[in-house]
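> What follows is a protein structure lacking sequence information:
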């Protein structure tokens, strides 16, 4: 059953050096507050997993927290490159970064397999692409019914899965709504899970199309108002488009990046409740 604990305590308890950690959210409900606490905590040698690594992963990589990145697309959405990500790949700064690249469909299948406690996912993707040479997590299987050759992708089973949501109730049940990605699958596939939320309410009111994560599949819940900023939380605040544009300049220079992180992340207080 999920415990409602301060964010700094949740990260300290759940994440260890060398863990495989997934922070998921698709354009919406991206768990920035949790990512910043990972940085403040000094977690190292992490294998970071995310379908669309954007600014929060640029920050984690630039601060030397990542050893490997498993992903299917990376960039500053609507702006351009992730400069700290590029610097790590091209120049090994602040350390070398191993890459495992997939398609979106492949990662979705891998998360779904992990959530179902299956060893791999199956799809028709990857054939004819150079992604096959970029990961050891791919193979081919022959359908026992049609003899069709299909792609098999190893299940994603993070040590820790982290997502953001709008609400949890006092028992630790979670509800999120709006644009969703693989948040549900991430939580179900992970050995340990953390959900940061905008608020805790006495009871969850059912919403059409919402994803509900029952307390028994979540390890910890932490209240982090604004914890998805600069992405958005549907019904709570809008996407901060100006920040995504500003990040391009902030992240281009190593010293400027480090100074911004010192002031805005390392010396900033964690959001707790």
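Cool, the structure landed. As the structure is a prediction and not an experimental result, all values here were calculated from the model.

> so who does residue 15 touch?
By CB atoms under 8 Å, 6 or more residues apart in numbering, the contact set of residue 15 is 21, 38, 41, 43, 46, 159-160. Heads up, the C-betas are built off the backbone N, CA and C, glycines and all.

> same thing but at 7 Å, please
21, 38, 43, 160 (CB atoms under 7 Å, 6 or more residues apart in numbering).

> Mind checking which of these land in strands?
Residues of the contacts of residue 15 located in strands (DSSP state E): 21, 160.

> Any chance of CSV for the contacts of residue 15, columns neighbour count?
Output for the contacts of residue 15, formatted as CSV (neighbours: other CB atoms under 10 Å):
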residue, neighbour count
21, 29
38, 27
43, 22
160, 26
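
> From the contacts of residue 15, pick the one nearest residue 135.
Distance to residue 135, by CB to CB, is smallest for residue 21 among the contacts of residue 15, at 18.2 Å.

> Would you check how far apart the closest one and residue 192 are?
10 Å (CB to CB, to the nearest Å).

> residues shared between the contacts of those two?
Here residue 21 and residue 192 share the contacting residues 159-160, scored by CB under 7 Å, 6+ apart.

> What lies in contact with stretch 163-178?
Stretch 163-178 is contacted from outside by 1-4, 24-25, 28-31, 183, 186-187, 195-204, 207, 209-215, 218, 221, 227-228, 233-236, using CB under 7 Å, 6+ apart.

> Now, those residues that are in helices?
Mapping these onto helices (DSSP state H) picks out 183, 186-187.

> related to what we said a few turns ago, among the contacts of residue 15, find the lowest-pLDDT one for me.
On pLDDT alone, residue 43 ranks lowest of the contacts of residue 15, at 95.

> wait, that residue sits on residue 17?
Yes. Counting by CB atoms under 7 Å, residue 17 is a contact partner of residue 43 at 6.1 Å.

> Now do residue 25: how many residues are near it, please.
Neighbour count of residue 25, defined by other CB atoms under 10 Å: 28.

> Start from the N-terminal end of the protein and give the helices.
Using DSSP H, the helices of the chain run over 7-14, 32-41, 55-62, 83-91, 104-115, 183-189, 241-252, 254-261.

> Report all helices and strands that the third one contacts.
This points to helix 55-62. If contacts are counted by 3 or more CB pairs under 7 Å, 6 or more residues apart in numbering; DSSP states H and E, helix 55-62 sits against helix 32-41, strand 46-50, helix 83-91, helix 241-252.

> Kindly reformat the ones you listed as CSV containing distance to residue 264.
Listed next are these as CSV, based on distance: least, CB to CB, whole Å:
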stretch, distance to residue 264
helix 32-41, 9
strand 46-50, 20
helix 83-91, 14
helix 241-252, 9
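
> and residue 162, bridged to which residues?
Beta-bridge pairing of residue 162 under DSSP bridges involves residue 23, residue 194.

> Next one, pLDDT for it please.
In this model, residue 162 is scored at 98, pLDDT.

> if we can go back for a sec, just put the helices of the chain in TSV and tack on distance to residue 147.
Output for those, formatted as TSV (distance: least, CB to CB, whole Å):
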stretch	distance to residue 147
helix 7-14	44
helix 32-41	45
helix 55-62	40
helix 83-91	40
helix 104-115	21
helix 183-189	29
helix 241-252	48
helix 254-261	53
